[in-house]
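Peer 1: this one's sequence-less:
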């Protein structure tokens, strides 16, 4: 039998006996070798991958074909958009506060108006421990950065410290109790040190081992509603007060830094975890305002879509988005640089949403509403839960790039933005749009018939006064 081997040079035909002679034993032979994983699909071995040539001259209809794929991907995204995962049912009264665990993603703490504090397991969606912490409303709740302790404050003017083990179990008796002189409305824990911040008639900085505050800040305000430590610049605090003001504090100083006065009261404040000077407040005028603390004369952005007062706000761990809770019984997700929400979550039974939290893995959103229920939502409504196969992950990334490339087309934009709204929200939105159009028309006429230096923008009119 004759064999032929190609080595880069032309050789005549040889028999096997001639090849095995010493003359040809050390001859180098070049062979083609291929890995089956490069051209065989992992599920069906009989289907071979087709190599793709990216030369645009060979694909004259590439753009129309990819536009259809982007359109189908956008439609399928809305078909599979099912954000609701489950609820945590067990509280016997309205939920007054809620905090996520700093080291355990699957642990959540919540307090209610009847003085009860519950520790939840989000994986199994059941209560691990419930304790009677206070005799009245639990106004504030915060967790130590180590996750081994948490603190509560209530209507009984006390601050209590509790031990929390890794299983979520809590001792029945408090480790430490501090009796305050005034009523506490909210509290927050320092991101590194063993320090607490409480607010009421004033802002107090506490050491857990002392019975008196180590520092007190006042600025002529009757009642301060909320206080938050900055997650990056740990010595900075932000607070909202009932006199429509937003106040900034520095623990290294003896006096508050700045005070911003808005038209209506702000209910909550959240710092951007990736940009230390950026914070967002939830306001009573149906809007959220994003400020840069280096220039408080006007907000960086105004986020409008709620049709009632905004109660709470919380940033995602990436700092690119934040979630808000509204008195209009809806939860909205905003990109931090956009003036309108990209998503709205609602159910028939959900009442006024009081608190929201964004999980530390950037996957889930937690909301607490007036009907004594905590709901768990997906941060991305159409995201598939669980592990993804390599083909699924590649298809998902390809579809995302297609939607990003053709997202400006009117048809894709219309499908991607369409949402089914509750009837009350839909009617209120139409009414507010009519009022806003009238205001814009009036402002346009005023600008036409006035001097150029007298015209003021919407952002400039949001801030009434800044005190330093």
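Peer 2: Sure, I can see it. Small disclaimer: the values here were computed from a predicted structure and weren't measured.

Peer 1: shaky segments in the stretch 351-468 of the chain?
Peer 2: 453-456 (pLDDT under 70).

Peer 1: residue ranges of the helices in this protein, please?
Peer 2: Along the chain, counting by DSSP state H, helices occupy 16-19, 22-25, 62-79, 390-405, 410-417, 423-448, 458-462.

Peer 1: mind checking which of these is nearest residue 306?
Peer 2: Taking C-beta to C-beta, helix 423-448 is the member of those nearest to residue 306, at 8.9 Å. Every residue, glycine included, has its C-beta placed from N, CA and C.

Peer 1: wait, isn't residue 129 in contact with residue 171?
Peer 2: No. Judged on C-beta atoms under 8 Å, residue 129 makes no contact with residue 171 at a distance of 9.3 Å.

Peer 1: between the two, who's got more neighbours?
Peer 2: Higher neighbour count among residue 129 and residue 171: residue 129, with 19 against 12, using other C-beta atoms under 10 Å.

Peer 1: and that one, what's its pLDDT?
Peer 2: In this model, residue 129 is scored at 92, pLDDT.

Peer 1: do the one 4 residues further on as well
Peer 2: pLDDT, residue 133: 91.

Peer 1: residues near the closest residue in space to it that isn't next to it in sequence, how many?
Peer 2: Of all residues not flanking residue 133 in the chain, residue 117 sits nearest, at 4.4 Å (C-beta to C-beta, 6 or more residues apart in numbering). Using other C-beta under 10 Å, residue 117 is surrounded by 23 other residues.

Peer 1: and residue 117, what does it touch?
Peer 2: Each residue near residue 117 by C-beta atoms under 8 Å, 6 or more residues apart in numbering is listed here: 109-111, 130-131, 133, 138, 141, 152, 162, 170.

Peer 1: looking at these, which is nearest residue 467?
Peer 2: Closest approach to residue 467 among those (C-beta to C-beta): residue 141, at 30.8 Å.

Peer 1: contacts only, for that closest one.
Peer 2: 97-99, 109-111, 117, 150-153, 187.

Peer 1: closest to residue 219 out of these?
Peer 2: Of those, the one sitting nearest to residue 219 (C-beta to C-beta) turns out to be residue 187, at 18.7 Å.

Peer 1: for the closest residue to that closest one other than its chain neighbours, give me the pLDDT.
Peer 2: In space, and not counting its chain neighbours, residue 187 is closest to residue 140: 3.4 Å by C-beta to C-beta, 6+ apart. Looking at residue 140, its pLDDT reads 93.

Peer 1: do I have it right that residue 140 meets residue 186?
Peer 2: Yes. Applying C-beta under 8 Å, one finds residue 140 in contact with residue 186, separated by 4.7 Å.

Peer 1: okay, and the common contacts of those two?
Peer 2: Counting by C-beta under 8 Å, 6+ apart, the contacts common to residue 140 and residue 186 are 97, 153, 198.

Peer 1: of these, buried ones?
Peer 2: 97, 153, 198 (16 or more other C-beta atoms under 10 Å).

Peer 1: just these: which are in strands?
Peer 2: 97, 153, 198 (DSSP state E).

Peer 1: residue 350: which of those residues is nearest?
Peer 2: Using C-beta to C-beta, residue 97 comes nearest to residue 350 of those, at 18.3 Å.

Peer 1: the closest one and residue 134 touch, don't they?
Peer 2: No. Judged on C-beta under 8 Å, residue 97 makes no contact with residue 134 at a distance of 11.2 Å.

Peer 1: more neighbours: which of residue 140 and residue 186?
Peer 2: residue 140 (26 against 22).

Peer 1: I'm done for today, thanks for sticking with me.
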